[in-house]
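A.B. asks: Next one to model:
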Amino acid sequence: MATLRVTYRVSTIGHNQRHKDTVRSLGLRRLHQTVELPDRAEVRGMIRKVSHFLTVEEVPDEAPAEKE
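C.D. replies: Next up is the predicted model:
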């Protein structure tokens, strides 16, 4: 399963309370904080609603170690 790296870039001061609550529910508390979240539909939906505050990158899965 892939992971999303989400960084909080723009302050929510002066914006809708629902947007502030969504940013907090993603685990973001401070500006420039980065969290890694699972790539699931509900997480992507929250990110889509507050995308103007965030920067999002996909983190590829690491290849499994080969057995000899």
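A.B. asks: contacts, neighbours, all on C-alpha from now
C.D. replies: Noted.
A.B. asks: Where do the helices of this structure begin and end?
C.D. replies: With helices called from DSSP state H, the chain shows them at 17-25, 41-49.
A.B. asks: and of those, who's closest to Arg9?
C.D. replies: Closest approach to Arg9 among those (CA to CA): helix 17-25, 10.9 Å.
A.B. asks: Can you tell me what sits against that closest one?
C.D. replies: 12, 29, 46, 49-50 (CA atoms under 8 Å, 6 or more residues apart in numbering).
A.B. asks: Most neighbours out of those, which is it?
C.D. replies: When neighbours are counted by other CA atoms under 10 Å, Thr12 leads the contacts of helix 17-25 with 17 neighbours.
A.B. asks: Excluding chain neighbours, give the residue nearest to that residue in space.
C.D. replies: Nearest non-adjacent residue to Thr12, counting by CA to CA, 6 or more residues apart in numbering: Lys20, 6.0 Å away.
A.B. asks: do Leu28 as well
C.D. replies: Tyr8 (6.6 Å).
A.B. asks: Quick check: the one you found touching Leu26?
C.D. replies: No - counting by CA atoms under 8 Å, no contact exists between Tyr8 and Leu26, whose distance comes to 9.8 Å.
A.B. asks: Looking at those two, which one has more neighbours?
C.D. replies: Each of Tyr8 and Leu26 has its neighbours counted (other CA under 10 Å); Tyr8 has more, 23 against 16.
A.B. asks: Which residues are in contact with the more buried one?
C.D. replies: 28, 30-34, 53-55.
A.B. asks: want to try CSV for the residues you listed, with distance to Met1 as columns?
C.D. replies: Below are these laid out as CSV (distance: CA to CA, whole Å):
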residue, distance to Met1
Leu28, 22
Arg30, 27
Leu31, 27
His32, 25
Gln33, 23
Thr34, 19
Phe53, 25
Leu54, 22
Thr55, 20
